[in-house]
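S.K.: sequence and predicted structure below; questions after.
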Amino acid sequence: MLRSFLPLVIIPAFLAPGSFSAAEEIPYRRASSQQQAVERIEQLGGSVRYLVAGEQMLEVDFQFAGDTLRDEHLKYLQRLENVVTLRLKQTGIGDRGLSRLRKITTLRRLFLDQTAITDDGLKNLASLPELEFLSLYGTAVTDEGLGELAAVASLRQLFIAETSVSARGIMAIQAALPEIVVVPDPSLQRAQAEEFMASARKLLADAEQKAVEAEKNFKELGPQKDELKKAADEAGKLAEEKKQQADELNKKREEADKRVKVREAEAGQADKLASEKPDDPELKRLAEEKQKTLTEARRQANEARLASDESRKEAEAATSKSETAKNLAARAAKVTEIHDQSKKVLEGARLRLKYAERDSLPAK
Amino acid sequence: MRVFDSRLQRRDWLRLSAAGMLTGVNVPWFESLADAAIERPRGKSCILLWMDGGPSQQHTFDPKESGEFKSTQTSVPGIQIVEQLPQLAQCMDDMVLVRSMTTEINGHYDAKYFLHTGYKRTTAFEHPAVGCLASSETGLPNDEMPAFVTIDAGFDRPDGGRLYRSVPGYLGPRHAPLAVHDPEKGLENLAPSGDQMDARLELLAGSERRFARRYSLPGVNARQAAFNKAVRLMRSKRAKAFFLEEETASTREMYGEHKFGKSCLLARRLVEAGVSFVEVVHRGWDDHNGAARPIAARAPWMDAGMSALIRDLKVRGMLEDTLVVWMGEFGRTPGDGNGHFCTAWSSVLAGGGLKTGQVIGKTSDGAKPGAEVSERPVTSPDFMATMCRALGFDVHKEFMAPGQRPMPLVEKTAKPIEEILG
């Protein structure tokens, strides 16, 4: 069913130039204006943009144009004003293309990464008075090419990873252009690798020492962590029960005390009545009875107090025991956590040493 | 012939305008043809290493004498960071430490929002995240690659508050990020499944065209634009940037085996392939039980991943065009780092053509070391303005937020850190 549609399929526009790097050949055609040059550049899969909003400096970027871009296409640049950055990374240009750049005197930054340029082409850069930044990453450039660059007095940053440049070539250009930064600089890398190794060793030693300490602390309590937790929970429960008991007995004591107060009042009342009518035997008898009841109430209150005091003491003891158990359990948990973490720290420190060892291997 | 992209290209539009075919349309850029072609500034790319949860400044880039970590000399005389980060110490020439971040918000989510947008959360609308701004300000509208990608670099501990996700807000849905969930897997489902892809896409496009003609709503167009972008990406050779196995073994080793290092490597590959903004999110810096041991355990892979990124960008000549930012939503309480601390904390900027090799701001010493900023406070809007300037955006630009409310790209009171801007 779908198959019958196939002859009608229109190639979608997103398969535009730029998606293909090798296939098409787009010939150079003269551009009569800036606008036309921009259009031609875009047709090649390049782009032209201002570097920063509100400023006039231009960047021409061909890094995704691939092999579509040929040496002669660089003539379009001469139509544009104020080209400061030019990206030619991974394009099809070569030494002949570099000769097209001689008139782009505003150029400050040039990316030639992973192109087919050679030492020979670098001669052309001597006529660029503003060139500060040059990437030769992944090219076939050698010490000889770097020698040509000694004539580019404005050069400040030079990128030479994945090339055939040697330490001697780097030293030569550093001597010719004292302000230049060459990236990477093997002598700097070596020094950094040594320093990194020293740090990694020290940090590993620290981590090992801390891990030993953590292990020791862990061994004391860590393995009983779960039991201690259980014991602490139980002690906590017991303390809670004891406390409830004590509270109850305390309440009883308070009630008994209240009863004593009532009885005291009653007895007092009865005494008063009896003393007002000393001849009334009934009143005397009542007063004596009330006195007896009061004595009994006092006895009960006393008992209640003793029981409450006893219980409170027990509760306090249970609470303190529970606190101790809780602290012990918490300590067990903490030493276990520290133990686990210090193992991770140790693991990390070993990893760091591995990285340091790798960094100090001689570069391939 | 454009099948999927029904919008007029800007230049076609210009031509039609010139020919008088589109009258009554205000075309302010008509004066300058060259400008029209150039559209947006190149600016710089950005890799944001987001340490979710709030990393402790005293256990990373602002060590104190009384602190739990010892400090080490960096490659810049007079600047010290913790000894647990020896490789980053050697990258100091290419870094700026901002030790005077002071950002008002101590709650995870609101702070994440504030530090991603430069604005405090409101109920009225969402502000665009900085990655979405990059997409709208320096991303190329019809590029094969997405302008903004987020990478999930995993987590150490699951807490640290709700995760913030970058939202384009009033910039429009086409500036939303593309999310990579696992750097090792790259972009899943990127390869077309089954055969006759073109025929199937054409069939779909045909019916969508009819639908879009009948119901020309913003939502329909946005959906179609997103679909077009996906198809373009699927077809692009540059999409191989999403796959780490293309990288040499030695480079992969340099970044380390941790998911964070792999995310850093993926970020470099994406920037190399033309992505404007990559955000690597590592969760789990919310160290409430003391920051010392957890950070000591994390330091080796963070040190390896971030320093490898800086060095690799540098060796490839990309560092000057790529701003690397390391930060979280706040720092942690001085000393043990147990609590959230927005009063005085640190962030790091690297590369991006900045004047690197320096420290901005200072935290107090004395009785309570690090309790407050003692020199040159940097607020969240200040930091956002600094990033935006470094990335080449026009910081005075205004957008129209819902309710016809003009919103500046960064808050008008923001003062960028001029000392580091080139």
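M.R.: Arrived safely. Residues are numbered from 1 along each chain as shown, chains lettered A, B, ... in the order given.

S.K.: quick one: secondary structure of A:Gly169?
M.R.: In the three-state summary, A:Gly169 is assigned as helix, counting by DSSP: H, G, I helix; E, B strand; the rest coil.

S.K.: quick one: contacts for the nearest residue to B:Arg40 once chain neighbours are set aside?
M.R.: Once flanking residues are discounted, B:Arg40 sits nearest to B:Thr138: 5.8 Å by C-beta to C-beta, 6 or more residues apart in numbering or on different chains. The C-beta positions use only the backbone N, C-alpha and C, and glycine is treated the same way. With contact set as C-beta atoms under 8 Å, 6 or more residues apart in numbering or on different chains, B:Thr138 has these partners: B:Arg40, B:Pro41, B:Arg42, B:Gly43, B:Lys44, B:Ala147, B:Ser276, B:Leu391, B:Gly392, B:Phe393.

S.K.: for B:Arg157, see how far away B:Pro300 is.
M.R.: From B:Pro300 over to B:Arg157 the distance is 17 Å, taken as C-beta to C-beta, to the nearest Å.

S.K.: okay, and for chain A, where does confidence drop off?
M.R.: For chain A, residues meeting the criterion pLDDT under 70 lie at A:1-24, A:362-364.

S.K.: mind redoing it with 90?
M.R.: Under the criterion pLDDT under 90, the flagged ranges of chain A are A:1-25, A:33-35, A:50-56, A:220-222, A:271, A:273, A:275, A:277-284, A:359-364.

S.K.: ok, now chain B?
M.R.: Regions of chain B meeting the criterion pLDDT under 90 cover residues B:1-42, B:124, B:140-143, B:156-161, B:172-174, B:185-237, B:366-367, B:402-404, B:422.

S.K.: can you pull the domain assignment for it?
M.R.: Each structural domain of chain B that the record assigns through automatic domain parsing is listed here as a residue range: B:41-186+B:243-420, B:191-240.

S.K.: coming back round to it: B:Pro300 and B:Arg157: which is more packed in?
M.R.: Per other C-beta atoms under 10 Å in any protein chain shown, whichever of B:Pro300 and B:Arg157 has more neighbours is B:Pro300, with 28 against 14.

S.K.: any idea which of the domains of chain B is most buried?
M.R.: For these, the largest average neighbour count (mean count of other C-beta atoms under 10 Å in any protein chain shown) is found in domain B:41-186+B:243-420, namely a mean of 21.

S.K.: tell me how far that domain lies from the chain's centre.
M.R.: Domain B:41-186+B:243-420 has its average C-alpha position 7 Å from the chain's average C-alpha position, going by C-alpha atoms, centre = their mean, to the nearest Å.

S.K.: okay, how far is it across that domain, tip to tip?
M.R.: Between the opening and closing residues of domain B:41-186+B:243-420 lies a distance of 21 Å (C-alpha to C-alpha, to the nearest Å).

S.K.: how about the nearest residue to B:Gly403, chain neighbours excluded?
M.R.: The shortest distance from B:Gly403 to any residue that is not its chain neighbour, by C-beta to C-beta, 6+ apart, is 6.7 Å, and that residue is B:Ala124.

S.K.: isn't the one you found right up against B:Met407?
M.R.: No. The criterion here is C-beta atoms under 8 Å, and B:Ala124 misses it with B:Met407 at 10.4 Å.

S.K.: doesn't A:Arg156 make contact with A:Val183?
M.R.: No. With contact defined as C-beta under 8 Å, A:Val183 does not reach A:Arg156; the gap is 11.2 Å.

S.K.: of those two, which one has the most company?
M.R.: Neighbours per residue, other C-beta under 10 Å: of A:Val183 and A:Arg156, the larger number sits with A:Val183, 19 against 14.

S.K.: so the closest residue to that one other than its chain neighbours bridges to which residues?
M.R.: With sequence-adjacent residues excluded and distances taken as C-beta to C-beta, 6+ apart, A:Val183 is closest to A:Phe159, at 5.2 Å. Assessed by DSSP bridges, A:Phe159 has beta-bridge partners A:Ser135, A:Val183.

S.K.: would you check that A:Phe159 makes contact with B:Met318?
M.R.: No. A:Phe159 is not in contact with B:Met318 according to C-beta under 8 Å; the separation is 9.4 Å.

S.K.: for the stretch 201-350 of chain B, which segments count as strands?
M.R.: Taking DSSP state E, counting those that start in this stretch as the criterion, the stretch 201-350 of chain B contains strands spanning B:277-283, B:322-327, B:331-332, B:340-341, B:345-351.

S.K.: can you list contacts of the first one?
M.R.: So the one you mean is strand B:277-283. By C-beta under 8 Å, 6+ apart, the list of residues contacting strand B:277-283 reads B:45-53, B:130-131, B:134-135, B:139, B:147-158, B:160, B:163, B:166, B:177, B:259-260, B:263-264, B:266-267, B:270-271.
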